[in-house]
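Trainee: The sequence and its predicted three-dimensional model are supplied below.
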Amino acid sequence: MQAKIRQLIAQLYDYSDRLRDLRFAGLMVFVVIVLLISWSGVKVIQTNYQLQKQIAQLQQENGVQQLKDDNLKLQNEYYNTNQYLELSARQNFGLGAPGEKELVVPQNVALAHSIDLSTAASETVATNKLPFYEQNLQAWLNFFRHQQ
């Protein structure tokens, strides 16, 4: 037991002698400086990465805004064309080109020759439930019978 205690005290003195050594203290100072420089380098890299992400995001937003601006320019050019002016006059004022005749169709006649969207949608849903070959056969039969 006493031998273990003496051995422990001897190791403690060796360790304290090692700490008093100038070379060991210099090495510890060097290690601390290297760690501080490494830490600051890591922080700089992290800051650069964050800034690069922000730059990329702002460039992307800038690109989107440029596309919107280009779209608005094209839309303004379209509004200045004769084609748009003609369509606008037809829609808003009921005007037509010289020599054209306007036909007024009563509402009941127009609705009699139109397709009811609710039944057309249910028919398409019903045909979509069929297998492919039956859908194909049904499409050919409708084609030959002049049905939609």
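Mentor: Thanks, I have it. For clarity, every value in this text was computed on a predicted model and none was experimentally measured.

Trainee: count of neighbours near residue 97?
Mentor: Residues lying near residue 97 (other CB atoms under 10 Å) number 8. To be clear about C-beta, it is placed using only N, CA and C from the backbone, and glycine gets the same treatment.

Trainee: How about residue 90?
Mentor: The number of residues packed near residue 90 is 14, by other CB under 10 Å.

Trainee: Nearest spatial neighbour of it, chain-adjacent residues omitted?
Mentor: Excluding the flanking residues, the one nearest residue 90 by CB to CB, 6 or more residues apart in numbering is residue 96, at 6.4 Å.

Trainee: So the one you found: helix, strand or coil?
Mentor: Under DSSP: H, G, I helix; E, B strand; the rest coil, the three-state class of residue 96 is coil.

Trainee: roughly how far apart are it and residue 107?
Mentor: Note on residue 96: its distance to residue 107, by CB to CB, to the nearest Å, is 21 Å.

Trainee: Between those two, point out the one with more neighbours.
Mentor: Remark: of residue 96 and residue 107, residue 96 carries more neighbours, 12 against 7, as counted by other CB under 10 Å.

Trainee: Need the per-residue pLDDT for that one.
Mentor: Looking at residue 96, its pLDDT reads 79.

Trainee: do the same with the one 5 residues further on
Mentor: Looking at residue 101, its pLDDT reads 81.

Trainee: ok, now how distant is it from residue 108?
Mentor: In terms of CB to CB, residue 101 sits 22 Å off from residue 108.

Trainee: cool, and residue 83?
Mentor: As judged by CB to CB, residue 83 and residue 108 stand 34 Å apart.

Trainee: ok, now residue 12?
Mentor: Going from residue 12 to residue 108 by CB to CB gives 111 Å.

Trainee: which of those two has more neighbours?
Mentor: residue 12 (10 against 7).

Trainee: Show me where this structure dips below the pLDDT cut-off.
Mentor: 119-128, 148 (pLDDT under 70).

Trainee: any idea how the protein splits into domains?
Mentor: Following automatic domain parsing, one gets these domains for the chain: 2-101, 103-148.

Trainee: Go ahead and list the helix or strand containing residue 40.
Mentor: Element membership of residue 40 [criterion: DSSP states H and E] is helix 22-79.
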